[in-house]
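>>> structure here, sequence nowhere to be found:
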C-alpha cells in the first residue's frame, strides 16, 4: 500500500504491541506544566483566548491528526481480504485525487462565502463523514470482502479535507508562539493516541479509530460555540496582512522535504513493529520538547530560528538511517521519528504564519500548502515505485542524491535568506521609506496623544518603530535596561499590544483608515 505524505500521515507505521501484561507509563506533571503556562501568559497572554479554549484546540487538533496517523498503519490491523487487497492501491490513488479536488473546491467556497467555521452544518457533517468512511472502509475491506464498498470508503475519506480546513481556521486565531505551542501539544496527543491504539486488539482498534474524528468534531463544535474564541480575528495585528499572494517557493520547499521524508522511510530498514515503537516515542519526545521551548516564550524565538533546525535534522536523519551501521533498526526508527515529527510541527506552523500575514483566507492558504505537499509526496511515491527499480542505482548514489536534494532545497528553493526576508516583511513598518520624516512624525505624535504616551515613551516608541534594539535605545536615551523595560511595558499596556512587532505595526499604520 503506497504511503502518501498527506496531512497528518506518519512516515512510519504504528507498531503492533503484543497483547499481554504490558504497561506504558508517561509521567507528565500537569500541575508544573500549567504553572509554567500561567507564568508565560503573564508576560504575553494568548490573545483573547482562555486556557480551556486553548486546551480544547490542542486536543481537538491532536485527535484529528491521530485519526490520520492511525489510519495508515500496515501493522495495526490484519491484512485486507484477498480480493480487496488488490484494490487498496487504486483506492489510495482515488482518495488522493478526490482530496486534492475537494481542497480546491473548499478554497473556492471560502473565497466566495467566507470562513467555514461560520457554517454550523459543515462543522457537524465533517466528523460524521470521516467516521462513516472509516467504518465502511474497514468493514468492506477487512471484515468482509466487498471491493465496491472498499472503494466507496476510500472515496468518502477524501472528505477529511473539510475537517482539516476547519481546524486550520481555528489554529489561525492564535499568534506565532502560541501556534507553535498548540501544534506541538497536538502532535503530543497524536503520538499518545497512536501508542494507545497500538495496544488494542484489531477490532477494538478499528472501533477506536472510527471514534477519533467524532471526538475531534465534538471539540471543534465546542470551540465554535465559545463566543470569545469565535470572536478572535485571524490576524496578529491590524497591519499584519502584507502578503498579496502566496509565497510559492516556501510551499514547494516544504513539498520537496515531504518527498524526502517518504524516500528515506522507504529506503530504511525500520520494518519491524518493535523498532517502529521508537518512532512514536521519538515523536512524543520532540512534541513535548518543542512545547516546553514554546512555553518559555524565548524572546528571540522566531520562525527563522525554527527553520535553522530543519535542514540539520534532515541531513542527520539521512546519515543515521541510510549510511551508518546498516540494520540497527532502533536508532534508525528514532531518527525517522525525530525528523518527521519536527517536520510536521514546522509545516503546520509555517502555514499558519503565512495565513496570518496573507490577504487570503486561512483555509485557502492551508489548502494551497497541503495540495503542494500532497502533490510532491505523490510524485516521490511514483519515483520510488517506478523510477528507482528501473534505474538500478547503487545505494551510495541514491543516498548522495537524497542529500543533494536537501542541500539544494535549503540553498535555492527555501533558503534562510528567503525565509528571513519573508518573515521580516511584517516587522518592517509600512511607509517608513516612502513617507517623509515629517509625515511619519505627525502619525507617531497622533498615536502618542491618543494612547496617552509621555514624551519619553514617544521617543522610545519611535526608536522601536525604526527597528532599533534595546542596546541602541539605551545608548541614545542614556537610560538603564530596567528603566527601558518599564517604559516598554507601559507603552504595550497603553497601546494594547503584546510585542515590539505589534507596536511597530500599530504605529506605522495608525490612522490609515481615516
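Cool, got the structure. On a predicted model such as this, the values are computed, not experimentally measured, just so you know. Numbers count the residues shown, from 1 in each chain.

>>> got the phi and psi for residue 358?
Per-residue torsions, residue 358: phi -100, psi 150 (degrees, to the nearest 10).

>>> so what's it scoring on pLDDT?
pLDDT recorded at residue 358 is 80.

>>> low-confidence ranges, the stretch 101-250 of the chain, go.
For the stretch 101-250 of the chain, applying pLDDT under 70 flags the ranges 176-177, 231-244.

>>> helices along that one, start to end?
120-138, 147-157, 160-171, 176-198, 202-224, 227-230, 248-267 (DSSP state H, counting those that start in this stretch).

>>> among those helices, which is nearest residue 488?
The closest approach between residue 488 and any of the helices of the stretch 101-250 of the chain, judged by CB to CB, belongs to helix 176-198 at 17.7 Å. Where C-beta positions appear, they are placed from N, C-alpha and C, glycine not excepted.

>>> tell me the gap between the closest one and the middle of its chain.
10 Å (CA atoms, centre = their mean, to the nearest Å).

>>> buried residues in that helix, which are they?
Residues 176-195, 197-198 are the ones in helix 176-198 that count as buried (16 or more other CB atoms under 10 Å).

>>> now swap in stretch 281-300 and tell me
Taking 16+ other CB under 10 Å as the criterion, stretch 281-300 shows 281-288, 290-291, 293-295, 297 as buried.

>>> how's this protein carved up into domains?
As assigned by automatic domain parsing, the chain contains the domains 49-424, 437-508.

>>> tell me which of these sits most buried.
Of all the domains of the chain, domain 49-424 carries the top mean neighbour count, a mean of 19, counting by mean count of other CB atoms under 10 Å.

>>> so how far is that domain from its chain's centroid?
On CA atoms, centre = their mean, the centre of domain 49-424 falls 7 Å from the chain's centre.

>>> reformat the helices of the stretch 101-250 of the chain as a markdown table; add distance to residue 457.
Formatted as a markdown table, the helices of the stretch 101-250 of the chain follow (distance: least, CB to CB, whole Å):
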| stretch | distance to residue 457 |
| --- | --- |
| helix 120-138 | 45 |
| helix 147-157 | 56 |
| helix 160-171 | 34 |
| helix 176-198 | 25 |
| helix 202-224 | 37 |
| helix 227-230 | 30 |
| helix 248-267 | 37 |
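
>>> residue nearest the middle of this structure, spatially speaking?
Nearest to the mean C-alpha position of the chain, counting by CA atoms, centre = their mean, stands residue 348 at 1.6 Å.

>>> just the element for that residue, please.
helix 329-357 (DSSP states H and E).

>>> now for that helix, which elements pack on it?
With contacts taken as 3 or more CB pairs under 8 Å, 6 or more residues apart in numbering; DSSP states H and E, helix 329-357 sits against helix 160-171, helix 176-198, helix 248-267, helix 273-296, helix 303-308, helix 310-318, helix 362-382.

>>> just want the angle from the longest one to helix 329-357.
If you take axes from the mean of the first three to the mean of the last three CA atoms, to 10 degrees, helix 273-296 sits at 40 degrees to helix 329-357.

>>> the nearest residue to residue 135 once chain neighbours are set aside and residue 506: what is the separation?
Closest residue to residue 135 apart from its sequence neighbours, by CB to CB, 6 or more residues apart in numbering: residue 210 at 5.1 Å. From residue 210 across to residue 506, the span is 47 Å (CB to CB, to the nearest Å).

>>> list the contacts of residue 117.
When contacts are counted by CB atoms under 8 Å, 6 or more residues apart in numbering, residue 117 is found next to 123, 166, 169, 170, 224, 230.

>>> any chance of these in CSV, plus distance to residue 137?
CSV is the format used below for the contacts of residue 117 (distance: CB to CB, whole Å):
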residue, distance to residue 137
123, 23
166, 21
169, 27
170, 27
224, 28
230, 33
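
>>> what's the farthest-apart pair in those residues?
Top of the distance list for the contacts of residue 117 (CB to CB): 166 and 230, 12.7 Å.

>>> between the helices and strands packed on helix 329-357, which one is closest to residue 144.
helix 176-198 (21.9 Å).

>>> for that closest one, packing partners?
Judged by 3+ CB pairs under 8 Å, 6+ apart, helix 176-198 is in contact with helix 51-71, helix 160-171, helix 202-224, helix 273-296, helix 329-357.

>>> wait, which of the helices and strands packed on helix 329-357 is closest to residue 113?
When these are compared for distance to residue 113 using CB to CB, the nearest one is helix 362-382, at 10.7 Å.

>>> that closest one vs helix 248-267, what angle?
Using the same axes, to 10 degrees: helix 362-382 against helix 248-267 is 40 degrees.

>>> which strands or helices does helix 362-382 pack on?
helix 88-113, helix 160-171, helix 248-267, helix 329-357.

>>> would you list these in a markdown table and tack on distance to residue 401?
Supplementary listing: the helices and strands packed on helix 362-382 in a markdown table, determined by distance: least, CB to CB, whole Å:
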| stretch | distance to residue 401 |
| --- | --- |
| helix 88-113 | 25 |
| helix 160-171 | 32 |
| helix 248-267 | 9 |
| helix 329-357 | 18 |
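
>>> kindly reformat the helices and strands packed on helix 176-198 as TSV containing distance to residue 310.
Shown next, in TSV, are the helices and strands packed on helix 176-198 (distance: least, CB to CB, whole Å):
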stretch	distance to residue 310
helix 51-71	19
helix 160-171	20
helix 202-224	28
helix 273-296	12
helix 329-357	6
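
>>> so which of those helices comes closest to residue 465?
Residue 465 lies closest to helix 329-357 among the helices and strands packed on helix 176-198, at 18.4 Å (CB to CB).

>>> now do that closest one and helix 160-171, the angle between them.
Using the same axes, to 10 degrees: helix 329-357 against helix 160-171 is 70 degrees.

>>> please report how far the residue nearest to the centre of the chain lies from residue 58.
According to CB to CB, residue 348 and residue 58 sit 12 Å apart.

>>> what do you get for residue 255?
Taken as CB to CB, the span from residue 255 to residue 58 is 26 Å.

>>> quick one on the thing from earlier: which one of the helices and strands packed on helix 176-198 lies closest to residue 410?
Among the helices and strands packed on helix 176-198, helix 329-357 sits nearest to residue 410 (CB to CB), with 12.9 Å.
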